[in-house]
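[1] just a sequence and a predicted model for now, questions to come.
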Amino acid sequence: MSYINKGDRPTRAGFGEGLLEAGRKNPDIYAIGADITSSVGANLFAGEFPERFISLGIAEQNCAGVAAGLALMNKIPVFTTYAVFSAIRAADQIRISICYNNLHALIGGAHAGISVGPDGATHQALEDVAVMRSLPHMTVLSPCDATQANLLTQKALLELNGPVYIRFGREAVPDFTSPDDYTEIGKAQIMREGNDLTIIATGHMVWEALQSAELLAQKGIEAKVINIHTIKPIDKEAILQAAAETGLLFTVEEHQITGGLGGAVAEVVAEQGGARVHRIGIPDSFGESGTPDELLEKFNLKAHRFSPIIESEYHEFLRAGRK
Amino acid sequence: MTKITDSRLLLELSYNIRALIVKMLSTAGSGHTGGSLGLADVFTALYFNELNHNPQKPLWPDRDRVILSIGHVAPVLYATLAEAGYFDKSELFTLRKIGSRLQGHPGRDTGLPGIETSSGSLGQGLSIAVGMAIAAKKDNSGIRIFSIHGDGELQEGQIWEAAMAAAHHKLDNITAVVDVNGLQIDGPTTKVMNLEPLGLKWEAFGWNVIGCNGHDFSDILRAFREAREFRGKPSVILASTVMGKGVKSIENNHGWHGRVPSSTEAVEFLCQIDESYRIELSKSELSK
């Protein structure tokens, strides 16, 4: 199966559409506004359901607590702001008021990753997955495109129970999945088959991983590509199978390589598998201002930048007689 | 639950609760004695008079909600709930023990009847109250939300975010109670981080501010009534209390914030509680 870009769209737009659709299906869904409602995509919901939109201003700690209060009264709250503020600034409130109470609340992390661009390091969430992934009860979602963001937002609100974190980006990126693709929270998606190595990606990096697989194919290397849209609970089975099949795994993410997807995959493989894991992502540093493309280039997060890394690691791996 | 209005009965209950607090904390071997004792009268008035609740049906959907924002004074909540009949008093002696439903700070996941939310990280309760109050308004229910705070806790910034939100959304179904004992772990609040002018701060944030003597039942009940009848703004009751109230030898001693009596001290404390009860009772007889 090969994927075609239906046209660039931001994942935040998919989140906004999913929130609106879920709101139409369930009258208990409430959205909390933290002053950047349009920019995170919640304006669609707020426009159609003003009575279920609660504006709380620039006060993320309070937003997380109010979400807990709503959930304790059997509402389904959605608290979304930039990921640096929802997942990191309000981390203690999410930990105690939401997770320790095990409440069904959706926390949206908008403008996640380095591709936020010119706003610079303060606004580039590169640690949100690490923080959210470590909280008991929390599910962590990271859709690969707008279509999947829409789908997972609806599933998180209408099918799950318990706290959920969903991260999505600012920039328009290829929208290539279909709403009809089999998508289940907690199940990895095999996007491409290949026997030489595996690229495990999440979020915007799934499209890049598919492009990378094409570049590698031109060099005679067949890469399997896996989309991890659910970072927690992670699909151990899919990772271990890829480890057994290819022996060499690459993780690609717009996040620190510690604690994010790379960390999660390495944990699974170190405990139960026997593969080598090479993590591609932000190498324990802050971001900076620049255009999204410039930053993705700088941090080796474009297919043409990380493909040579994969290629040379692959040959090194073969030389070492690991396969 | 039947509302008790007789101050003498309330007094008896509050001193029973104090005795339970001393016994359970002494058995636990760690915990927060001073604040728990200081709030015994406010909790008695709340659970035996003001609150619309049913200990036999702890999950009754239309019950009023109590949020203990200062999770460290869990002993006064646990003792009051047991006294009201939410669970057997014998369970109080499992406090802080492994496997207990009575966690050091309340944990909702234990399923202890009467626990509305987990708490313990200071400053979070008022936001939860705001969320609950908004939901109650959206559902056109008469449910009221009570959130219990410490004065030192008000140093947390989140409290003021929530205070702003409660006034903005005109949540007159919230009654916040602040335990104003003037003490925190490092010493008097005036020295650690001054909160005054406290009433003016709440007023400036758009709240209806009510003062009361947190050890005088008729005054506490008056404060609750004023909060209940006030419309258009959330109410805050600034309850002046004495940390350690009822145990003369530790009253107003911030060293007893996070200390518990040894078994020998507990016997001594229980004697003091008995004596304080008799003195308070005779005062209330005299004022009749």
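    Structure received.

[2] which SSE is B:Glu12 in?
    Element membership for B:Glu12 (DSSP states H and E) is helix B:7-28.

[3] got the buried residues for the helix or strand that that helix is followed by?
    Using DSSP H and E, the helix or strand that directly follows helix B:7-28 along the chain is helix B:34-38. Neighbour-count burial for helix B:34-38 flags B:Gly34, B:Gly35, B:Ser36, B:Leu37, B:Gly38 (criterion: 16 or more other CB atoms under 10 Å in any protein chain shown). For every residue, glycine as well, the C-beta is placed using N, CA and C.

[4] next SSE after helix B:34-38?
    Following helix B:34-38 in sequence, per DSSP H and E, is helix B:40-45.

[5] in space, what's closest to the closest residue to chain B within the stretch 151-300 of chain A - neighbours in sequence excluded?
    Residue of the stretch 151-300 of chain A nearest chain B, by CB to the nearest CB: A:Gly162 (11.7 Å). Using CB to CB, 6 or more residues apart in numbering or on different chains and skipping the chain neighbours, the partner closest in space to A:Gly162 is A:His137 (5.2 Å).

[6] the helix holding B:Glu12 - what's its average pLDDT?
    Helix B:7-28 shows a mean pLDDT of 98.

[7] cool, and stretch A:161-173?
    On average, stretch A:161-173 scores 97.

[8] equivalent analysis for stretch A:30-42, please.
    Mean predicted confidence for stretch A:30-42 is 95.

[9] quick one on the thing from earlier: please save the CA atoms from the helix holding B:Glu12 in CSV.
    C-alpha atoms of helix B:7-28 as CSV (Å, rounded to 0.1, in the frame of the first residue of the first chain):
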residue,chain,number,x,y,z
SER,B,7,-24.8,24.1,69.6
ARG,B,8,-24.3,21.8,72.6
LEU,B,9,-24.8,18.7,70.4
LEU,B,10,-22.5,20.2,67.7
LEU,B,11,-19.9,20.9,70.4
GLU,B,12,-20.1,17.3,71.7
LEU,B,13,-19.6,16.0,68.1
SER,B,14,-16.7,18.2,67.4
TYR,B,15,-14.9,17.1,70.6
ASN,B,16,-15.6,13.5,69.7
ILE,B,17,-14.0,14.2,66.3
ARG,B,18,-11.0,15.8,68.0
ALA,B,19,-10.5,12.7,70.2
LEU,B,20,-10.7,10.5,67.1
ILE,B,21,-8.1,12.7,65.4
VAL,B,22,-5.7,12.3,68.3
LYS,B,23,-6.2,8.6,68.5
MET,B,24,-5.9,7.9,64.8
LEU,B,25,-2.8,10.1,64.4
SER,B,26,-1.1,8.6,67.4
THR,B,27,-1.8,5.1,66.0
ALA,B,28,-0.6,6.2,62.5
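
[10] can you pull the residues of chain A lying near chain B?
    Within chain A, the residues that sit near chain B (CB under 8 Å from any CB of the partner chain) are A:30, A:51-52, A:54, A:56-57, A:59, A:61-75, A:77, A:92-93, A:95-97, A:100-102.

[11] out of the residues you listed, which sit inside helices?
    Judged by DSSP state H, those include A:61-72, A:92-93 as members of helices.

[12] any of those residues buried? List them.
    Buried, going by 16+ other CB under 10 Å: A:61-72, A:93, out of these.

[13] those into CSV, with extra columns for pLDDT?
    Below are those laid out as CSV (pLDDT from 0 to 100):
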residue, pLDDT
A:Gln61, 98
A:Asn62, 98
A:Cys63, 98
A:Ala64, 98
A:Gly65, 98
A:Val66, 98
A:Ala67, 98
A:Ala68, 98
A:Gly69, 98
A:Leu70, 98
A:Ala71, 98
A:Leu72, 98
A:Gln93, 98
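
[14] next, give me the two most distant ones among those residues.
    Maximum pairwise distance among those (CB to CB): 17.0 Å, between A:Gln61 and A:Leu72.

[15] please compute how far the helix holding B:Glu12 lies from its chain's middle.
    Here the centre of helix B:7-28 is set off from its chain's centre by 13 Å, with CA atoms, centre = their mean, to the nearest Å.

[16] number of residues surrounding residue 23?
    Since no chain was named, I'll use chain A. Counted by other CB atoms under 10 Å in any protein chain shown, the residues lying close to A:Gly23 total 25.

[17] right idea, wrong chain: chain B
    The burial count for B:Lys23: 21, using other CB under 10 Å.

[18] contact partners for it?
    By CB atoms under 8 Å, 6 or more residues apart in numbering or on different chains, B:Lys23 lies in contact with B:Leu92, B:Phe93, B:Ala266, B:Leu270.

[19] mind running it again at 7 Å?
    The neighbours of B:Lys23, taking CB atoms under 7 Å, 6 or more residues apart in numbering or on different chains as the test, are B:Ala266.

[20] separation between it and B:Phe93?
    Distance of B:Lys23 to B:Phe93, computed by CB to CB, to the nearest Å: 7 Å.

[21] what does A:Ile107 give?
    39 Å.

[22] who's more crowded, those two?
    A:Ile107 (30 against 15).

[23] quick one, phi/psi of the residue nearest to the more buried one when sequence neighbours are not counted?
    Leaving aside its sequence neighbours, A:Ile107 sits nearest to A:Tyr165 (CB to CB, 6+ apart; 4.8 Å). The phi/psi pair for A:Tyr165 (degrees, to the nearest 10) reads phi -110, psi 130.

[24] pretty sure A:Tyr165 is touching A:Met132, no?
    Yes. Between A:Tyr165 and A:Met132 there is a contact at 4.1 Å, judged by CB atoms under 7 Å.

[25] residues that sit against both of those two, list them.
    With CB under 7 Å, 6+ apart, A:Tyr165 and A:Met132 have common neighbours A:Ala87, A:Met138, A:Val140.

[26] which residues does the closest residue to the second one other than its chain neighbours contact?
    Once its chain neighbours are removed from consideration, A:Met138 has its nearest residue in A:Pro163; the separation is 5.0 Å (CB to CB, 6+ apart). Residues counted as contacts of A:Pro163 (CB under 7 Å, 6+ apart) are A:Ile98, A:Cys99, A:Leu103, A:Ala105, A:His137, A:Met138.

[27] go with 10 Å
    Counting by CB atoms under 10 Å, 6 or more residues apart in numbering or on different chains, A:Pro163 touches A:67-68, A:71, A:94-95, A:98-107, A:132, A:135-140, A:156.

[28] what's the burial count for the residue in the stretch 151-288 of chain B that chain A sits nearest to?
    Using CB to the nearest CB, the closest approach of the stretch 151-288 of chain B to chain A is made by B:Glu161 at 3.6 Å. The tally of other residues near B:Glu161 (other CB under 10 Å) stands at 24.

[29] and it, what's its pLDDT?
    98.

[30] the residue of the stretch 151-300 of chain A closest to chain B in helix, strand or coil?
    coil (DSSP: H, G, I helix; E, B strand; the rest coil).
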